[in-house]
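> Take a look and give me a structure for this.
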Amino acid sequence: MKEFLLLVILTIATGCLVACEEAGEIPPTPTPTPDPTPNPPTGCADPVNTIMDGHSCKCETDCLPGAMCLPEEDTGEARGFCLRLCNPAKQECSASSQCDDVAAQVIGDDACTTSCQNDNDCTFGEICRDGLCCMPGVCRIACTTSQDCPQAQVCARKSGCFPMCQSDSDCLSNDCNPYTTLCDGPTEGAGIHAPCLRHDDCKSLYCNPISKTCYTNCSVERQGCPEGAKCIRWVHGDDMGICFHPCETSSDCTTPGLKCFVGIDGTKFCAPPAKDEDCEQPVESIPDAYPCNCDDECMRGAFCAIEAETSWPKGACLRLCDKDNECRSNCTCRLLEDADTGYCSPKCESDADCPDYRVCFGGSCRPLCQADTDCTCGKCNVYSGYCGDTDQQAKGITETCTDHDQCKSQLCSNSWGRCLSPCSIERQGCPDEAVCVAIFEGELYFGICLHKCVPEIGCEDPGLSCTKVGDTTHVCI
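This is a model prediction of the structure:
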């Protein structure tokens, strides 16, 4: 019907033009006038299309072209936000925003599906990445802390700001549900860490599939948990945490099956223990590459590689990977030496971004012990930075070598032909009275151990020269 009416209109218009032309009555073509800028509806951004990706919005006309407004009244997201889907491999977000790799957060078969050569091979909404159709990313405001985020948003895992209400004043509707952190009013179900079988059993609408208890997200900075619970930080540097009831001992935990644990910032809280008797932390409480005691402590999809198996100080929750998009957004895939496979390691700019017994090197955290107390076994090989015995018959710092096994550090430099001992510049844990020196360009926290020297005397090894590093220190290199 629509096509028929369009054809009739075109036919009438054409007939009129022909008749007018024959009669010599075609009027002059008027000069087109530009459409006036539309007036935005009341309460919307003025001028229109000016609100950047990830920022709060109310109306469809608020956001920059290509983005859409998800208003609070439709989604429950506190104050709404401008949504733009993006490809994490490209820069498609507005200024001050970054592409949060949603596919990397969904570890499993749901993240990427069929093979592809370009986006046209994928279903609507998917993008082609590394030959597979994947979920797109979401443009979020870049942040280091929640101070970088607008009102009612929280900085999570440095992947961006997430809408999250913690009080009624965060919501345009003045109705925050502290269990869901959405502006959607009260929900039915059980409270914080109550037993559950399905998401609908919980007021938070999230039932942890391993512990079978109700979980509620929160802001550590704002502490908006219901029921007198406390927001516990789950990842170093994150403001997003999880609500737990506080405790001093396990007898304070009134919900059956919960025990009293100590969080990463020293706060004590009630949580469901992992089932394995070797576990010391709650289920799914330890991020990738952080020290661990058992598999259940690690986030879903990762496993605990204990110290006795890997020699990593205190072990680590390992998530294997081949490339970065197989890791969560705050991690990168660090390939193992002489292998195509790696593990997901936290991104870092300094040692402060890394868990204990790790050092920041090459933009990600690397395991490194510097004292016997760093290791569960009580023995740190300070030449290698790994836990275990040291071969005292092997060669020490900067001695000549042709094979890794000849060195106490198990690391022989192929190009230099000498034994290298990695170290933390901040902790200065080198053996044999050596000093930790930064020799890699741009690396301020990771170095190698070198013997000090006096310029007038030089080095005992004739193959080394006494070289000044920094302002005053001289080392043999």
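
> which one is residue 173 nearest to, not counting chain neighbours?
With Cβ to Cβ, 6 or more residues apart in numbering as the criterion, residue 173 has its nearest non-adjacent residue at 5.1 Å, and that residue is residue 183. Every residue, glycine included, has its C-beta placed from N, CA and C.

> And for residue 285?
Residue 285 sits nearest to residue 297 (Cβ to Cβ, 6+ apart), 5.9 Å away.

> and the nearest residue to residue 331 once chain neighbours are set aside, what helix or strand is that in?
Nearest non-adjacent residue to residue 331, counting by Cβ to Cβ, 6+ apart: residue 344, 4.2 Å away. In this structure, residue 344 sits in strand 342-346 according to DSSP states H and E.

> How much space separates residue 55 from residue 87?
Residue 55 sits 21 Å away from residue 87, going by Cβ to Cβ, to the nearest Å.

> the more surrounded of these two?
The residue with more neighbours, out of residue 55 and residue 87, is residue 55; 25 against 16, by other Cβ atoms under 10 Å.

> Looks like that one contacts residue 150 (just checking).
Yes. Counting by Cβ atoms under 8 Å, residue 55 touches residue 150, with 5.9 Å between them.

> Need the residues touching each of those two.
Common contacts of residue 55 and residue 150 (Cβ atoms under 8 Å, 6 or more residues apart in numbering): residue 141.

> Could you give the number of residues near the residue nearest to residue 222 when sequence neighbours are not counted?
Counting by Cβ to Cβ, 6+ apart, residue 222 lies nearest to residue 166, which is 4.6 Å off, once chain neighbours are set aside. By other Cβ under 10 Å, the residues close to residue 166 number 20.

> partner residues bridging the residue lying closest to residue 348 once chain neighbours are set aside?
Spatial nearest neighbour of residue 348, excluding adjacent residues (Cβ to Cβ, 6+ apart): residue 360 at 3.9 Å. On the basis of DSSP bridges, residue 360 is bridged to residue 365.

> can you pull the contacts of residue 360?
Counting by Cβ under 8 Å, 6+ apart, residue 360 makes contact with 348-351, 353-354, 366, 445-446.

> farthest pair in those?
By the measure Cβ to Cβ, 349 and 366 form the most distant pair in those, at 14.0 Å.

> give me the element residue 185 is part of.
In the assignment (DSSP H and E), residue 185 maps to no helix and no strand.

> surely it meets residue 175?
Yes. Residue 185 lies in contact with residue 175 (Cβ under 8 Å); the separation is 5.2 Å.

> residues contacting residue 316?
By Cβ under 8 Å, 6+ apart, the contact list for residue 316 reads 289-292, 304-305, 310, 343, 367.

> If we use 10 Å, what do you get?
286, 288-292, 298, 302-307, 310, 343, 345, 355, 357-358, 365, 367 (Cβ atoms under 10 Å, 6 or more residues apart in numbering).

> Please apply the same query to residue 440.
361-362, 446-448.

> How about residue 449?
By Cβ under 10 Å, 6+ apart, residue 449 lies in contact with 382-383, 385, 396-398, 409, 419-423, 428-437, 475.

> on that earlier part again, name the pair among the contacts of residue 440 with the greatest separation in space.
Using Cβ to Cβ, those reach their maximum pairwise distance at 362 and 448, which is 14.0 Å.

> Tell me which of these two has more neighbours.
The neighbour comparison of residue 362 against residue 448 (other Cβ under 10 Å) goes to residue 448, with 26 against 14.

> related to what we said a few turns ago, more neighbours: which of residue 185 and residue 175?
The residue with more neighbours, out of residue 185 and residue 175, is residue 175; 15 against 12, by other Cβ under 10 Å.

> For that one, give me phi and psi.
When read as degrees, to the nearest 10, the backbone of residue 175 gives phi -140, psi 80.

> For the remainder of this discussion, apply numbering that starts at 237.
Okay, using 237 as the starting number, the last item reads as residue 411.

> Could you pull up the residues touching it?
Residue 411 neighbours (Cβ under 10 Å, 6+ apart): 308, 312, 401, 404, 418-422.

> Show the contacting residues for the closest residue to residue 378 other than its chain neighbours.
Using Cβ to Cβ, 6+ apart and skipping the chain neighbours, the partner closest in space to residue 378 is residue 334 (4.6 Å). Listed by Cβ under 10 Å, 6+ apart, the contact set of residue 334 reads 289-290, 322, 324, 327, 373-379, 394-396, 565.

> filter those to the buried ones?
289-290, 322, 324, 373-379, 394-396, 565 (16 or more other Cβ atoms under 10 Å).

> Mind picking the one among these that's closest to residue 300?
The shortest gap between residue 300 and any of the buried ones among the contacts of residue 334 belongs to residue 289, at 6.8 Å (Cβ to Cβ).

> wait, what's in contact with that closest one?
Contacts of residue 289 by Cβ under 10 Å, 6+ apart are 299-300, 302-303, 317-320, 322, 328-335, 374-377, 396.

> quick one, what contacts residue 588?
For residue 588, the contact set (Cβ under 10 Å, 6+ apart) comprises 472-473, 596, 662, 681.

> centroid residue for the protein?
residue 566 (2.2 Å; Cα atoms, centre = their mean).

> Tell me the pLDDT of that residue.
For residue 566, the pLDDT comes out at 79.

> One more: residue 257?
For residue 257, the model assigns a pLDDT of 33.
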